[in-house]
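*Asks:* Provided below for reference: sequence and predicted model.
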There are 2 protein chains.
Amino acid sequence: MSGFTALSEAELNDLYVALQNEYETYKSKNLHLDMSRGKPSPKQLDLSMGMLDVVTSKDAMTAEDGTDVRNYGGLTGLPETKKFFADVLNLKPEQIIIGGNSSLNMMHDTIARAMTHGVCDSKTPWGELPKVKFLAPSPGYDRHFAICELFNIEMITVDMKADGPDMDQVEKLVAEDEAIKGIWCVPKYSNPDGITYSDEVVDRLASMKTKADDFRIFWDDAYAVHHLTDTPDTLKDIFQAIEEAGYPNRVFMFASTSKITFPGSGVALMASSPDNVSFTQKQLSIQTIGPDKINQLRHLRFFQNPEGLKEHMKKHAAIIKPKFDLVLSILDEKLGGKDIAEWHKPNGGYFISLNTLDHCAKAVVQKAKEAGVTMTGAGATYPYGKDPLDRNIRIAPTFPALEELEQAIDIFTLCVQLVSIEKLLSEKSQSAPTA
Amino acid sequence: MSGFTALSEAELNDLYVALQNEYETYKSKNLHLDMSRGKPSPKQLDLSMGMLDVVTSKDAMTAEDGTDVRNYGGLTGLPETKKFFADVLNLKPEQIIIGGNSSLNMMHDTIARAMTHGVCDSKTPWGELPKVKFLAPSPGYDRHFAICELFNIEMITVDMKADGPDMDQVEKLVAEDEAIKGIWCVPKYSNPDGITYSDEVVDRLASMKTKADDFRIFWDDAYAVHHLTDTPDTLKDIFQAIEEAGYPNRVFMFASTSKITFPGSGVALMASSPDNVSFTQKQLSIQTIGPDKINQLRHLRFFQNPEGLKEHMKKHAAIIKPKFDLVLSILDEKLGGKDIAEWHKPNGGYFISLNTLDHCAKAVVQKAKEAGVTMTGAGATYPYGKDPLDRNIRIAPTFPALEELEQAIDIFTLCVQLVSIEKLLSEKSQSAPTA
């Protein structure tokens, strides 16, 4: 079938009736399918159950340096935890601060600290400035944007391109406006596009001139090891790049095992320069006595070494790749070549991002909901929930079982087609001669 | 022996020489004893090892409402966790927000939130006010004071009496000064005095008129169930008292299992009014996706019910009461009736607080250090580390083994006597006729 735009009004009408029939059949089934949740499925969680057996009452409770992991202490994490994640993420152990179970919490707290105390290069706490702004490459992660909203940080939307944020826009903005203090980045298998920043983008981020001396890149490396293929994307080392560019304090990096072991009981971390780490650590020592060291030990004993973690991630891929493949094959089959939607095939991460025709996303999500399929809300992937072209929809394939997923994505593609035809018909009627 | 003050200069000199000999003997032993750490001993930690065996790969991973505890979610804790702690602490489940492993972290974050957003009755975020002050009943807990310092909150020291803060001072201050936004309280087995607030103190705190509409009591119920006797102190229910007084939003309460199970891997909570909980929860939902639910399950299965927790606390008491008894008996034996030190015998908690003669505490701690005994730094129990009379010393008996403790406290009492005699002799020489 050729593109919908090539079809006549009559052809579109006929097609609409046929698709509408399919849609009504689904609707009568009273389904409850959820494709909104970017979370691991129970089968993925089962992969880590062994982690619950490696720290029992029969096991040693001491870290390598003799620390009793049950007691107070270990503000920034056990030395061996830092070493392990340094190996996994190509960092130095002294760059790392281990946190609790949530990297989101560490991102929030890093912004909260900057608001009340600034960062190590700040002349003034950000909260005392008349205005603080962040760049928000979009589509992006709604929880990043929510943190900015909470602290009344104005977000400036920057376009995402096939290899990362539009760096022409970024460079121009940060060079001109001192109020711009940061940028959100999910540099690998980005949320939701699933793209990985090119070396050029990393280099330009690292070396660009910023008007603000205390500009920070919030580098959320959420999917660092979450590959779907044997030929994974590679991401250039930004710490090396900022070091070479002479901006060693520019990056706060974040990661966690939330989508490696257990989302509720993982280990989170942040990484940065010696100055940033020591500045953060000083405040951290007032905030807490230290994160859960027993849970760190659980992770270390379960994986044994970085290779163990890599093998573990292959098991995740074996479970979720068929889901991604299923979604992509249905998208291809039902929407391919119709000129009504675009999407990217990711090599890792948790999402597929689809753009509809302009001004159709909300209507598609609504129509899917009426047939019992919950999608992430349209607009969620943009600052303030406002997608300027109302076209981006985030698809989260990991949680539902394959059968559910097949039904859900089938209904979803029906909705995309129906809403697209409605739009095309309405355009045709508007452009028709008024007699 | 009668009081030192009744002794002549010659008698004091003779005594000094004898005590100094004992001190030098200890000093030559090159000891390394630490009485500074308010933390459980390894034997106490061993009591909770069973908690590591109740959530293994063979156990169910679902909460009562079917929630998979391994996955994301449960922002304010599992319903059964709230119910359990509500039963233990005489609260309503809906009052409770379960946190991570640290109640200190929840206190810090509560203040941090108030600085950037105010509390639910605030007209202005505290951080935007020209000045914010807190009352700091002292001696008190240095980590409370450190949070105030971090956020540039001015502390006003209020005296501690035998039944709690000096309420005449407190009432006068809060009635007059709108900048006073809060007070730190450890109402049961207070840190470091080990006293429990009287009903009258609780009632006066609950019903006092405050100039600030958004005044908050930070009620750190750290030792709620940490009794040393079978006839424990009882603390009046402050939530009922503020409800009756018409100030339902006045109290943020905090507690944790840090000194019940594992200090590094416990469960923390805060409790407050519906308005405070909902105000906090809104910001919390941006900060994190939720605390570790597996660890909540571990606690619930280990204790089974509130009675189980009570029985568990008796085992703690059996280990630490002999340590408290030993310290108190040596203090009695060596310092009793000498008019050079005062202390209170606590019915629970983690500390014994001793007051020396005025302006002797720093010298005592220093002298003890020179003989290999580390005490909590003198002054630490007061805001900004400054004890105006330089007389309070916090003794932490729980961590060292009995034998160590005996040596350490013996040396400590020698130091108290030596420094006291130095002071008395210096006073005598100053008051002597100059002829």
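*Replies:* Done, it's in.
*Asks:* Pull the distance from the worst-scoring helix or strand of chain A on mean pLDDT to the chain's centre.
*Replies:* Of all helical and strand segments in chain A, the minimum by mean pLDDT, DSSP states H and E falls on strand A:33-34, at a mean of 92. With CA atoms, centre = their mean, to the nearest Å as the basis, strand A:33-34 stands 20 Å off its chain's centre.
*Asks:* Stretch A:44-61 too?
*Replies:* 28 Å.
*Asks:* Kindly report the same for stretch A:274-290.
*Replies:* On the basis of CA atoms, centre = their mean, stretch A:274-290 sits 26 Å off its chain's mean C-alpha point.
*Asks:* before we move on, what about stretch A:134-141?
*Replies:* 10 Å.
*Asks:* for the record, mean pLDDT for that stretch?
*Replies:* Taken as a whole, stretch A:134-141 carries a mean pLDDT of 98.
*Asks:* do it and chain B meet at all?
*Replies:* No - figure legend: stretch A:134-141 not in contact with chain B (CB under 8 Å from any CB of the partner chain); closest approach 12.5 Å. All C-beta atoms are positioned from the backbone trio N, CA, C, and that covers glycine.
*Asks:* same deal with stretch A:345-352?
*Replies:* No - Stretch A:345-352 lies out of reach of chain B by CB under 8 Å from any CB, never closer than 11.9 Å.
*Asks:* and that stretch, which residues are buried?
*Replies:* Using 16 or more other CB atoms under 10 Å in any protein chain shown as the test for burial, stretch A:345-352 gives A:346, A:347, A:348, A:349, A:350, A:351, A:352.
*Asks:* residue ranges of the helices in the stretch 201-350 of chain A, please?
*Replies:* Ranges of helices in the stretch 201-350 of chain A, per DSSP state H, counting those that start in this stretch, are A:238-245, A:274-287, A:293-303, A:306-335.
*Asks:* Mean neighbour count, the ones you listed: which tops it?
*Replies:* helix A:293-303 (a mean of 23; mean count of other CB atoms under 10 Å in any protein chain shown).
*Asks:* For that one, give me every contacting residue.
*Replies:* A:48, A:50-52, A:54-55, A:59, A:61, A:63, A:67, A:69-70, A:73-74, A:77-78, A:80-81, A:84, A:98, A:101, A:257, A:261, A:265-267, A:308-309, A:312, B:52, B:262, B:264-265, B:292, B:295 (CB atoms under 8 Å, 6 or more residues apart in numbering or on different chains).
*Asks:* Which per-residue confidence value corresponds to the nearest residue to residue A:237 once chain neighbours are set aside?
*Replies:* Spatial nearest neighbour of residue A:237, excluding adjacent residues (CB to CB, 6 or more residues apart in numbering or on different chains): residue A:90 at 6.2 Å. Residue A:90 carries a pLDDT score of 97 in this model.
*Asks:* Centre of the chain to stretch A:146-158, how far?
*Replies:* 16 Å.
*Asks:* do the same with stretch A:244-256
*Replies:* 18 Å.
*Asks:* That one near chain B anywhere?
*Replies:* No - against chain B, stretch A:244-256 shows no contacts by CB under 8 Å from any CB, the least distance being 10.6 Å.
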